[in-house]
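1. Fold the following.
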Amino acid sequence: MGCVYVICCEKTQQRYVGQTIAEEEPHRRVARHIRDAMRGSRYIFHAAIREHLPSSFFVEKVFKSSSEHVLNKVEALWADIYNAYCWSTDPHADFPAGYNSAPAGFSNKFRGRKHSAESKAKISAARRAWMATPRGETPAGNFHPGATA
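-> Next up, the predicted model:
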């Protein structure tokens, strides 16, 4: 059983729409968002948690289901309803653009699999380079297929 949840910042009324299939209640997932934010995650939503403080946000469970497919569809629907995407430029939207930085409704397709030692080493090196790079600059190195250094 999982759920779709909406997190809203009381100060800005901007929203983040997410889902969790690990539990029926979203509080553990929200706690992980806060932990990641306090550890310096660069996601827009996590930066907002640091800026406005966790106490400025409230969470609401909006839907529960045992079907991951249904959860994906409902998450995407709620993200559209609340204009939750950070790239939204709709001038007629009822709410300001939100904190979702990726399309909602796509669950983690890698769940249940394990990275090889070689993959872990590459991911670790790329992450270290990314975290050592000042915001707004591109890290040196070819970290994405087809990218140029």
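2. Now do the SS call for the closest residue to K64 other than its chain neighbours.
-> The shortest distance from K64 to any non-neighbouring residue, by CB to CB, 6 or more residues apart in numbering, is to C3 (4.3 Å). C-beta coordinates here come from the backbone N, C-alpha and C atoms, glycine included. For C3, the secondary-structure state derived from DSSP: H, G, I helix; E, B strand; the rest coil is strand.
3. Report how many residues lie close to C3.
-> Neighbours of C3 under the rule other CB atoms under 10 Å: 22.
4. what do you get for Y85?
-> Y85 has 21 neighbouring residues, counting by other CB under 10 Å.
5. Quick check: beta-bridge partners of it?
-> With DSSP bridges as the criterion, Y85 is bridged to N100.
6. tell me the contacts of it?
-> Residues in contact with Y85 (CB atoms under 8 Å, 6 or more residues apart in numbering) are A79, A97, G98, N100, S101, P103, A104.
7. Closest one of these to R35?
-> S101 (18.0 Å; CB to CB).
8. Now that the closest one has come up, it's in contact with H46, right?
-> No. S101 lies out of contact with H46 (CB atoms under 8 Å); the separation is 9.7 Å.
9. Give me the more crowded residue out of those two.
-> Neighbour totals were compared for S101 and H46, and H46 leads with 21 against 15 (other CB under 10 Å).
10. tell me what the host helix or strand of that one is packed against?
-> Under the criterion of DSSP states H and E, H46 resides in helix 44-52. Packed against helix 44-52, as judged by 3 or more CB pairs under 8 Å, 6 or more residues apart in numbering; DSSP states H and E, are the following elements: strand 2-9, helix 27-38.
11. Sweet, I'm off.
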